[in-house]
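**Student:** Provide a 3D model corresponding to the input given below.
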Amino acid sequence: MTAADQPDDIDRRAERLYAARSVLAETRPSTRRLGIAEIVQFLTDPARSLTIEEQRALFSDPRLRADYRRLKAQASVAELPALAAASAGEVNSRRFEGGNVSIHPSRVSGQIYVILRFTPPSGVPRTILLEGDEGEVTKRALPSPDANGEVMIVLDERNGADANFLRLLSDPTSTGTFLS
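**Tutor:** Now for the predicted structure:
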């Protein structure tokens, strides 16, 4: 037996190993912070969404929120403003500089058509980003417009993501940004 293999030495090493593994087991995995790179990816990638934690971080950090607004303005093709304060309840049409949005129920139960009309010379957006007045954010990739500058989206009210998108689009206090 070598000196390193003495019973007292093995006991001390076992205790240290146990303590180290216990500390590692008790530590929580580090959560990834929301930064500029993630915001740029969110604004440019139609498939990228923000988790609830990322949304909280975005709306609780004034510096990050200012960076978000600046980057969003740079990627913006058109803005969908909130409607006048006199508007109450849900709306089924909204105008914006460069076009309009209309919401129509389908003959199929639970199905809703959203029609976006873009007038030249507005750019062709790839995505619509909606923001509720309480900080909720949702985004939807847009198909290419037809020859008349129209985009149609078919929503299913039973689908949670579709219902959330429709709720924000119909809310007169929400705002939207069409992103390139």
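**Student:** can you report how many residues lie near Gln55?
**Tutor:** Other residues near Gln55 come to 16 when the count uses other Cβ atoms under 10 Å. C-beta coordinates here come from the backbone N, C-alpha and C atoms, glycine included.
**Student:** swap in Thr44?
**Tutor:** Residues contacting Thr44 under the criterion other Cβ under 10 Å number 14.
**Student:** gap between the two ends of stretch 75-92?
**Tutor:** Across its full length, stretch 75-92 reaches 26 Å between end residues, using Cα to Cα, to the nearest Å.
**Student:** so which bits of that stretch are buried?
**Tutor:** For stretch 75-92, the neighbour count (16 or more other Cβ atoms under 10 Å) marks 75-78, 80, 83, 91 as buried.
**Student:** excluding chain neighbours, what is closest to Glu97?
**Tutor:** Ala78 (6.1 Å; Cβ to Cβ, 6 or more residues apart in numbering).
**Student:** wait, Leu130
**Tutor:** Leaving out its chain neighbours, Leu130 is closest to Leu168 (Cβ to Cβ, 6+ apart), at 4.1 Å.
**Student:** now for the one you found: which residues touch it?
**Tutor:** Leu168 is in contact with 130-132, 136, 138, 174, counting by Cβ atoms under 8 Å, 6 or more residues apart in numbering.
**Student:** what ranges do the helices span in the chain?
**Tutor:** Secondary structure of the chain, counting by DSSP state H: helices at 7-26, 36-44, 52-60, 62-75, 160-170.
**Student:** which of the contacts of Leu168 are buried? Put it as a PyMOL command.
**Tutor:** What follows is the PyMOL syntax for the buried subset of these, where burial is set by 16+ other Cβ under 10 Å:
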select buried, resi 130+131+136+138+174
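**Student:** noted, bye for now.
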